[in-house]
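Trainee: after the sequence you'll find the predicted model.
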Amino acid sequence: MQGETIPLGPDVIDFTLLEPQGVTAHIVPWNYPLGMAMRSLAPALAAGCTAVLKPAEQSPLTALKLGEFVAAAGFPAGVVNVVTGFGEEAGDALVRHPLVRGISFTGSVETGRKILAAAAPGIKPAVLELGGKNPFIVFADADLERAANDAAMATFENCGQVCSSSGRYLLHPKIRDEFLDIVQGKAAKLSIGPGLDNPDLGPIVSDEQYARVTGYVAEGAREGARLRAGGQRPRHLPRGYFIEPTIFDRVDANAKIAREEIFGPVGVAIDVAGEEEALRIANGLGYGLAAGIYTRDISRALRLAREVEAGSVWINGWWMGGVQAPTGGIKDSGIGRERGLAGIRNYLQIKNVAVRL
């Protein structure tokens with residue numbers, strides 16, 4: 001990371017300095033508690049900031065263990081701090097604290113709005129990665145095996161409890177049934193069980209979230225969508241927050257399960273006749289986190305990549321990029337970017353210096 005010199009004529013030397021924000025707050029979700037913590041902690045520390053980490057109340061143990069490792073590694077006291085508690089108390093106090101100068105949050109749209117409101121009196125910048133209802137667009141000329149394999153991963157990995165997962169398939173009718181047959185076949189082979197057994201799918205995180213996911217499944221049936229697969233508790237698991245990988249088709253684009261983030265292992269299939277309809281439905285929600293486009297026509301793919309409203313667009317693949325590439329949302333899905341050079345710049349402020357010769 002470096003500043004730049006700016007030409008202002010022969011009588012002035014002008015340059016910029018990059019300086020750390022200071023104390024930064026990192027409020028992370030429960031779905032990847034260590035990975036999400038490191039995603040913002042590492043660049044903040046690299047930029048020269050100190051950090052206060054508040055894990056989600058559902059998953060505090062990883063962060064506390066990380067704090068032990070940081071201390072054992074010899075970090076100076078106070079550089080990395082871990083504060084546990086509920087968002088309404090610990091999170092709110094952290095965001096409002098006058099010494100905190102930068103905020104990073106990943107979580108729901110509702111909570112993101114509350115954090116922005118709490119940060120506003122202190123004029124504090126915030127990087128927010130919020131929810132998504134990410135479209136997975138498959139055209140008739142796509143490699144269906146690849147697309148369906150990616151769809152199963154994008155919908156069911158971590159039980160669908162990922163902001164950038166996709167359970168909203170926008171499919172050309174010509175390939176809809178073949179595509180869903182492949183996805184359904186892959187879903188049927190996924191093992192389900194307690195996390196310590198290292199299954200493909202573990203449980204939903206909490207009773208509250210389990211009720212939310214099963215409520216959406218029931219709502220989908222009431223709205224007239226066809227339950228093509230899953231939707232039930234696995235027979236071999238009479239206890240716990242487990243649900244089978246679930247697929248709906250014949251879903252109306254205006255249905256609740258087609259418009260709202262479920263955050264569970266549920267895929268919904270919507271018919272689209274062509275590019276124009278696919279784009280209209282893809283952009284028709286307040287979300288704008290990620291989108292996938294599957295086609296062998298690279299001109300079409302790149303054209304739609306410009307027009308689809310999303311912070312990340314993946315062509316013939318899902319979850320591409322890595323730590324080198326920026327990620328984040330637009331519209332209701334957030335502000336700013338994590339990872340890449342943009343992820344470090346979150347924690348730096350620009351100072352301009354001018355010298356008259």
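Mentor: In hand now; what should we look at? All values derive from a computational prediction rather than experimental measurement.

Trainee: helices of the chain, start to end?
Mentor: Counting by DSSP state H, the chain has helices at residues 33-46, 61-73, 92-96, 109-119, 144-156, 173-188, 207-222, 256-259, 275-282, 298-307, 340-345.

Trainee: now do the buried residues in the fourth one.
Mentor: Applying a neighbour-count criterion of 16 or more other CB atoms under 10 Å, one finds 109, 111-112, 114-116, 118-119 buried in helix 109-119. C-betas here are computed from N, CA, C, even on glycine.

Trainee: residue contacts, the most centrally placed residue in the chain?
Mentor: Nearest to the geometric centre of the chain sits residue 163, at 3.1 Å (CA atoms, centre = their mean). Residue 163 makes contact with 31, 106, 129-132, 289, 333, according to CB atoms under 8 Å, 6 or more residues apart in numbering.

Trainee: kindly report the same for residue 353.
Mentor: Contacts here follow CB under 8 Å, 6+ apart; on that basis residue 353 touches 14-17.

Trainee: could you do residue 335 as well?
Mentor: Applying CB under 8 Å, 6+ apart, the residues near residue 335 are 126-128, 328-329.

Trainee: what's across from it in the sheet?
Mentor: Residue 335 has these beta-bridge partners by DSSP bridges: residue 128.

Trainee: quick one: it from residue 123, how far?
Mentor: Taking CB to CB, to the nearest Å as the measure, residue 335 falls 15 Å from residue 123.

Trainee: give me the neighbour count for residue 296.
Mentor: 12 (other CB atoms under 10 Å).

Trainee: burial measure for residue 231, as a count.
Mentor: 20.

Trainee: try the one 10 residues further on
Mentor: By other CB under 10 Å, 20 other residues sit near residue 241.

Trainee: domain boundaries for the protein, per the record?
Mentor: Domains of the chain are assigned by automatic domain parsing as 5-130+329-356, 135-315.

Trainee: which one of those lies nearest to residue 322?
Mentor: Nearest of these to residue 322, taken as CB to CB: domain 5-130+329-356 at 7.9 Å.

Trainee: return the subset of the contacts of residue 353 lying in strands.
Mentor: Of the positions in the contacts of residue 353, 14-17 sit in strands, assigned by DSSP state E.

Trainee: same list, these, but as TSV with neighbour count and distance to residue 274 please.
Mentor: Listed next are the ones in strands among the contacts of residue 353 as TSV, based on neighbours: other CB atoms under 10 Å; distance: CB to CB, whole Å:
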residue	neighbour count	distance to residue 274
14	15	52
15	13	52
16	14	48
17	12	52
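
Trainee: could you dump the residues you listed into CSV and include pLDDT?
Mentor: Output for those, formatted as CSV (pLDDT from 0 to 100):
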residue, pLDDT
14, 98
15, 98
16, 98
17, 97
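
Trainee: I appreciate the help and will end here.
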